[in-house]
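*Asks:* Prediction below, plus the sequence it came from.
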Amino acid sequence: MRELIIALIVLGVLLVIVVVIVAGMYNGLVALRNRVKNAFAQIDVQLKRRYDLIPNLVETAKAYMSHERETLEAVIQARNQASAASSKTAGDPANPDNMKALIGAEAALGGAMGRFFALAEAYPDLKANQNMMQLTEELTSTENKIAFSRQAFNDSVMTYNTKRESFPTNIIGGMFNFQLAEHFEITKEEEREAVKVSF
């Protein structure tokens with residue numbers, strides 16, 4: 001009888017140890033996933049700033065670029081799609097499908113902005129406009145902040161994914177449906193060139 005009680009106590013202690021270890025791994029994954037969400041929130045602030053600047057930029061350019069209506073509309077449409085993708089991603093930045101949609105939308109916006117600035121070069125009065133110069137300066141500053149925020153986000157994703165894929169945490173991650181997060185990175189070589197926003 002005494003041996004049975006000792007065996008039950010040992011089994012109970014082992015069970016408590018296993019529960020504590022599993023809880024620690026689970027809580028570690030939750031903390032890292034929350035860091036990924038926080039890092040994306042920092043990007044989101046800057047993306048929203050950029051999305052707010054773009055309509056002002058287009059409005060300023062409309063008076064000078066009246067014959068370039070198609071390009072101006074393409075910029076606004078790309079901005080709206082990127083803004084919608086950003087809002088969806090903000091809800092779950094660790095979801096790889098959301099991140100892929102945002103990366104695609106941002107690539108389309110970058111292409112539209114590149115065409116916009118290429119056309120704006122042909123309008124000297126627009127380049128000299130004080131409002132346009134101020135907006136492009138703010139946009140340049142925002143782009144730099146986005147780049148730094150993306151770097152911090154990707155570092156958080158790497159830490160989270162490493163923990164998620166490491167044994168034995170990968171077992172806990174699989175049991176509780178912790179998905180691998182997607183980096184916010186540029187996939188096409190031509191997109192690696194920064195959009196030129198200075199005049």
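*Replies:* Right, received. Where do you want to start?
*Asks:* ok, which stretches of this protein are helices?
*Replies:* For the chain, the helices defined by DSSP state H cover 2-62, 69-91, 96-120, 124-128, 130-165, 169-175.
*Asks:* hey, which of those is tucked in deepest?
*Replies:* Most buried of the helices of the chain by mean neighbour count (mean count of other C-beta atoms under 10 Å) is helix 96-120; its value is a mean of 19. Every residue, glycine included, has its C-beta placed from N, CA and C.
*Asks:* got the helices of the chain as CSV, with mean pLDDT and distance to Glu182 columns?
*Replies:* Output for the helices of the chain, formatted as CSV (pLDDT from 0 to 100; distance: least, C-beta to C-beta, whole Å):
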stretch, mean pLDDT, distance to Glu182
helix 2-62, 94, 10
helix 69-91, 94, 10
helix 96-120, 92, 4
helix 124-128, 84, 38
helix 130-165, 94, 7
helix 169-175, 94, 16
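*Asks:* Can you check which of these gets nearest to His183?
*Replies:* His183 lies closest to helix 130-165 among the helices of the chain, at 4.9 Å (C-beta to C-beta).
*Asks:* Angles on the backbone of Ala63, please.
*Replies:* The phi/psi pair for Ala63 (degrees, to the nearest 10) reads phi -60, psi -30.
*Asks:* can you tell which of the helices of the chain is closest to Ile186?
*Replies:* Closest approach to Ile186 among these (C-beta to C-beta): helix 96-120, 7.7 Å.
*Asks:* How far does the closest one sit from its chain's centre?
*Replies:* Its chain's C-alpha centre and that of helix 96-120 lie 13 Å apart, by C-alpha atoms, centre = their mean, to the nearest Å.
*Asks:* What of stretch 148-158?
*Replies:* Its chain's C-alpha centre and that of stretch 148-158 lie 9 Å apart, by C-alpha atoms, centre = their mean.
*Asks:* same question, stretch 171-186
*Replies:* The chain centre lies 15 Å from the centre of stretch 171-186; the measure is C-alpha atoms, centre = their mean.
*Asks:* same thing with stretch 174-191?
*Replies:* Centroid separation for stretch 174-191 versus its chain: 10 Å, with C-alpha atoms, centre = their mean.
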